[in-house]
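Peer 1: Structure for the following, please:
(chains A, B and C)
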Amino acid sequence: MLRECWENVQRTKPLVHNITNYVTVNDVANVLLACGGSPIMSDEPEDVEDITSICGGLNINIGTLNERSIEAMYRAGRRANELGHPVLLDPVGTGASGLRTRTADGLVKEIHFTAIRGNISEIKTIATGSGTTKGVDADVADAVTEENLGAAVSFAKDLAGRLDTVIAITGAIDIVADAGKAYVIRNGRPEMGRITGTGCQLSGLAAAYLVANPGRSLEAVATAVTLMGIAGEIGWERMLPGDGNSTYRNRIIDAIYNMDGDMLEKMAKTEMF
Amino acid sequence: MLRECWENVQRTKPLVHNITNYVTVNDVANVLLACGGSPIMSDEPEDVEDITSICGGLNINIGTLNERSIEAMYRAGRRANELGHPVLLDPVGTGASGLRTRTADGLVKEIHFTAIRGNISEIKTIATGSGTTKGVDADVADAVTEENLGAAVSFAKDLAGRLDTVIAITGAIDIVADAGKAYVIRNGRPEMGRITGTGCQLSGLAAAYLVANPGRSLEAVATAVTLMGIAGEIGWERMLPGDGNSTYRNRIIDAIYNMDGDMLEKMAKTEMF
Amino acid sequence: MLRECWENVQRTKPLVHNITNYVTVNDVANVLLACGGSPIMSDEPEDVEDITSICGGLNINIGTLNERSIEAMYRAGRRANELGHPVLLDPVGTGASGLRTRTADGLVKEIHFTAIRGNISEIKTIATGSGTTKGVDADVADAVTEENLGAAVSFAKDLAGRLDTVIAITGAIDIVADAGKAYVIRNGRPEMGRITGTGCQLSGLAAAYLVANPGRSLEAVATAVTLMGIAGEIGWERMLPGDGNSTYRNRIIDAIYNMDGDMLEKMAKTEMF
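Peer 2: Next up is the predicted model:
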């Protein structure tokens, strides 16, 4: 699965339309180029339908949403749905403000998402339509642990079934689920949380994997999540004394650039649950 | 002072709401994570009151202001004032355009700022409500030097008293003053001016220090300024032949990530004036 | 030519107003600082006329255009024309959407551009007012090769003559032309295409070179294109095993920071065609 999904990205060089936040957008673009894909960014309502039409898929991230970009999300999402392009939602900070919660909720009701990726607090807010997220990081009380893993997997499968999507809950332990199956992934490092936007980068990556692997959405997203985690491990191994989160950011993107199918297969801690 | 302020940030992990420019926003986010805090960015008027409410403090930077974000600055600023959160203003380029000067002036009149940080030209514009800044860098004619330091400190104290705030004037020599006391800080390196956004990064850092050190605003800002300068020195020591401003940017953020209270105390060139 | 243009930038430290996309804006700012210039970013219609007035030149990039920033492009462009400042257009993705094509076309009709820089697909769209660009990268079918180089140079000269501008078509082989003369530049590396925004960075650089070299627009742009290509070669030589596109980005900007006139003259593969 991992090698095949990876090879499909190398072979097809998927073009991804991103409506994303201005905080981490440069890293999202460089990650898409690193993984073998290609990024376009556009969030003007009058521009997005044309742009999404020439792309293979759409990545919607609400990290710095505004009235203009929200309209763009709806218009691009509808068009991508019409064209049968995969669409991914990254509901950054849903639950942390009324506008974010309403926007994520409204998008999920009107657009069919191929996948939704967030931290556990964000995905819980997606499930209930309301939430009390404490910012853009997951609430500690919500965290997926070895103890509550079974319940979290059931929750992810149920939500995936209800929304006819793939749910990716990422954190110390990652869960990627559709209605019937789930992968649990234990790659990655806690220090990735000290870099802004590793979640946003993963969402861009997952969108590229969805485009390159049609009809295999669960496997595509699980591979992207595994790849990001492994890149975090390889990047960390290359850290020198005095290096910190800024260098780590570069090292992770570099590791994605230098990844190959063998490394992915060898380092993966990905299991069907 | 330095160690204690630093430890309070590590212990409390302050969450800072940033309404900031899209040029340097990623570095501001990574600096906040590097220093032990956590960033949220939001500049949509309908979003900012909710977001600022869940944070500990607010950092307003007018570097790429627009009509929408200006409204967001007022709404977030008022709410933060109501909640008693510290609010910092970085009046980027005030004096360089009518809109920037009017915006900074209007914000200072309506919002109570816990601290205002800028270069000498920007702070002079804050003081007079008009100015002739030649861009986003300080005018050479304005520069704080050993010769005019006494006058500059008096100016900073007077302005701090008049606006009931902490004034931080940063440049080759930094001044941090309230109405009664001032710190003069001689850390840092001139090459920091060849990286975009070291000032913006410092403002984010200072906001985190204000949140974590309630009731000690002068000390909080002086510690943040000292920390940034020391990080610039440590980062420079790690430069290799062929490295330039892009690598230096990474090294400075890395140095903030790896800072500790001992290093801060040992390297500080911070004195009460 | 190369050394003199380079020295003029070091000596005059040109201040460039950029209305550019939020994807690569930070790198554009750092490249401008690296090359010896200074950046200001502003895209609010009420702000841009003041800002462009205090700068030496204007760089308009439509990479993430929106209704507000399009108005700002017109207003800043007109003012820069009135003041006799050089203005550069980077028509990112023109041909890929109706809005981008209309905007680039409208700007070219109303604003006099000192130079227009894009990939071959974008420049073809500029020439015809319509296009079918497949994103922000050039269409492979359009690529300038040794075989079609003569025709491409003629096309560039004709378009330059018709629009009274300098046309820079960048790719594996770069062409910089005015109505009468053309330079062909064979510096650079293919891996530069795996970094987001090397084109945007080059446009910022070229704007700085135009400001510092009045009356020598063709030479200024040809020098900037040569410099960027050489920086790509020097940056690549410094890559270590495990480094990828994120580190390469830093190395290129670092190489611009450390460039000197001798290196430029020695490494240039720039010839009059």
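Peer 1: Ramachandran angles for the residue in the stretch 101-250 of chain A that chain B sits nearest to?
Peer 2: Residue nearest to chain B within the stretch 101-250 of chain A: residue A:244 (2.8 Å; C-beta to the nearest C-beta). Yep, even glycine has a C-beta here, placed from its N, CA and C like the rest. In terms of degrees, to the nearest 10, the main-chain angles of residue A:244 are phi -140, psi -150.
Peer 1: Pull the contacting residues for it.
Peer 2: By C-beta atoms under 8 Å, 6 or more residues apart in numbering or on different chains, the residues touching residue A:244 are B:34, B:253, B:254, B:255, B:256, B:257, B:258.
Peer 1: What distance do you get for residue A:267 to residue A:187?
Peer 2: Plainly put, residue A:267 is 7 Å away from residue A:187 if you go by C-beta to C-beta, to the nearest Å.
Peer 1: again, but for residue A:73
Peer 2: 30 Å.
Peer 1: go on, residue A:30?
Peer 2: 20 Å.
Peer 1: neighbour-wise, which of those two wins?
Peer 2: Comparing residue A:30 with residue A:187 by neighbour count (other C-beta atoms under 10 Å in any protein chain shown), the higher total belongs to residue A:30, at 31 against 20.
Peer 1: Switch the contacts of residue A:244 over to JSON lines; also include neighbour count and distance to chain C.
Peer 2: Below are those laid out as JSON lines (neighbours: other C-beta atoms under 10 Å in any protein chain shown; distance: C-beta to the nearest C-beta, whole Å):
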{"residue": "B:34", "neighbour count": "26", "distance to chain C": "16"}
{"residue": "B:253", "neighbour count": "24", "distance to chain C": "12"}
{"residue": "B:254", "neighbour count": "25", "distance to chain C": "12"}
{"residue": "B:255", "neighbour count": "26", "distance to chain C": "16"}
{"residue": "B:256", "neighbour count": "26", "distance to chain C": "18"}
{"residue": "B:257", "neighbour count": "23", "distance to chain C": "17"}
{"residue": "B:258", "neighbour count": "16", "distance to chain C": "19"}
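Peer 1: Among those residues, which lie within helices?
Peer 2: Of the contacts of residue A:244, the ones assigned to helices by DSSP state H are B:34, B:253, B:254, B:255, B:256, B:257.
Peer 1: now, the most widely separated pair of these?
Peer 2: B:34 and B:255 (8.5 Å; C-beta to C-beta).
Peer 1: Against chain A, which of the ones in helices among the contacts of residue A:244 make the cut? List them.
Peer 2: By C-beta under 8 Å from any C-beta of the partner chain, the members of these lying near chain A are B:34, B:253, B:254, B:255, B:256, B:257.
Peer 1: is it true that the first one touches residue A:194?
Peer 2: If I follow you right, that is residue B:34. Yes - look at residue B:34 against residue A:194 with C-beta atoms under 8 Å: they come within range, at 7.3 Å.
Peer 1: Are there residues contacting both of these two? Which ones?
Peer 2: A:245, B:257.
Peer 1: Could you measure from the spatially most central residue of chain A over to residue A:270?
Peer 2: Nearest residue to the geometric centre of chain A (C-alpha atoms, centre = their mean): residue A:203, 2.3 Å. From residue A:203 across to residue A:270, the span is 18 Å (C-beta to C-beta).
Peer 1: And the longest helix anywhere in chain A, what's buried?
Peer 2: Using DSSP H, we find that the single longest helix of chain A is helix A:217-237. For helix A:217-237, the neighbour count (16 or more other C-beta atoms under 10 Å in any protein chain shown) marks A:217-236 as buried.
Peer 1: residues touching the residue of chain A most remote from its centre, list them.
Peer 2: Counting by C-alpha atoms, centre = their mean, the extreme residue of chain A relative to its mean C-alpha position is residue A:241, 30.7 Å from that point. Not one residue lies near residue A:241 by C-beta under 8 Å, 6+ apart.
Peer 1: Assumed it was part of a strand.
Peer 2: No - under DSSP: H, G, I helix; E, B strand; the rest coil, residue A:241 falls outside any strand and is assigned coil.
Peer 1: follow-up on the earlier one: which ones among the buried residues of helix A:217-237 also lie next to chain C?
Peer 2: Among these, chain C is touched by residue A:234 when using C-beta under 8 Å from any C-beta.
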